[in-house]
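A.B. asks: Generate a structure from the sequence data that follows.
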Amino acid sequence: MVDFNQLNSQMDLKNLDVNQLSKIINDHQNTVIKSVLIIGSLIGAVVMFNDHNAKEAAIRVQMTQAQQKIDALKTRDDSIKALATFKTSMPKKINEFELITLISNYAKSYHINIPSLSPAESEDKGLYDIINVKFNGLADNFKDMVLFLRKIEKSEFPLRIDSWAGQPDQNGAIAFEITISAVLIHS
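C.D. replies: Residues are numbered from 1 along each chain as shown. Sure, this is the predicted structure:
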């Protein structure tokens, strides 16, 4: 074992002599080698530990980024499914000509006569258009007229009765004036 007090007394740092230093190193050669090996091993261990920690941190960052990408993809897929579901719940589209044809078909099925029909007018509201149709109708009886109106309101298309005014004549037939609107959503 090395006595550091003895070594300290042998070395005077103020008057350091190279020959004296060589002699001390030769005398304690095994101790110097062991000290250098221990210090070198400690430095190597610290470098390896720091390198391992840096690699581990980089892998954790990559794993976090990969998980974030997976989560983003799942969110995107869920959004696409929700959009598709929303689009299928939207009412069917109808244009001006289809609206007039649809009203005419409903009128025929409930024995409603349409003596006059104003052309359909379309208003652009930004995200959607409103199509308005105004016409005069003649129903044989009150029941047919009510069934016709219900058919319009229960239509698979987005139709709405905006106004209705009517009165019976001497024979029990009902003459009426009606305005119907439809919504055409832009997509």
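A.B. asks: Count the residues that sit near L102.
C.D. replies: Neighbour count for L102, taken as other Cβ atoms under 10 Å: 20. (Each C-beta comes from the backbone N, C-alpha and C, glycine too.)
A.B. asks: hang on, it packs against S155?
C.D. replies: Yes - assessed by Cβ atoms under 8 Å, L102 is found in contact with S155 at 7.3 Å.
A.B. asks: got a list of contacts for stretch 107-120?
C.D. replies: 96-97, 99-100, 103-104, 106, 131-140, 144-145, 147-148, 151 (Cβ atoms under 8 Å, 6 or more residues apart in numbering).
A.B. asks: looking at the protein, which helix or strand is least sure?
C.D. replies: helix 4-10 (a mean of 57; mean pLDDT, DSSP states H and E).
A.B. asks: Relative to F86, how far out is the residue most central in space within the chain?
C.D. replies: Centroid-nearest residue in the chain: S79, 4.7 Å away (criterion: Cα atoms, centre = their mean). Counting by Cβ to Cβ, to the nearest Å, the separation of S79 from F86 is 10 Å.
A.B. asks: Run a quick neighbour tally on K151.
C.D. replies: For K151, the neighbour count with other Cβ under 10 Å is 18.
A.B. asks: P115 is in what secondary structure piece?
C.D. replies: If you go by DSSP states H and E, P115 is part of strand 112-117.
A.B. asks: Run the chain-centre distance for the longest helix along the chain.
C.D. replies: In the chain, assigned by DSSP state H, the helix with the most residues is helix 29-89. When C-alpha coordinates are averaged (Cα atoms, centre = their mean, to the nearest Å), helix 29-89 and its chain have centres 28 Å apart.
A.B. asks: could you give the mean pLDDT of it?
C.D. replies: In this model, helix 29-89 has a mean pLDDT of 88.
A.B. asks: can you pull up the bridge partners for V133?
C.D. replies: I180 (DSSP bridges).
A.B. asks: the domain parsing of the chain - what is it?
C.D. replies: The record assigns the chain these domain ranges, following automatic domain parsing: 1-89, 96-185.
A.B. asks: That's all I had, so thanks and see you.
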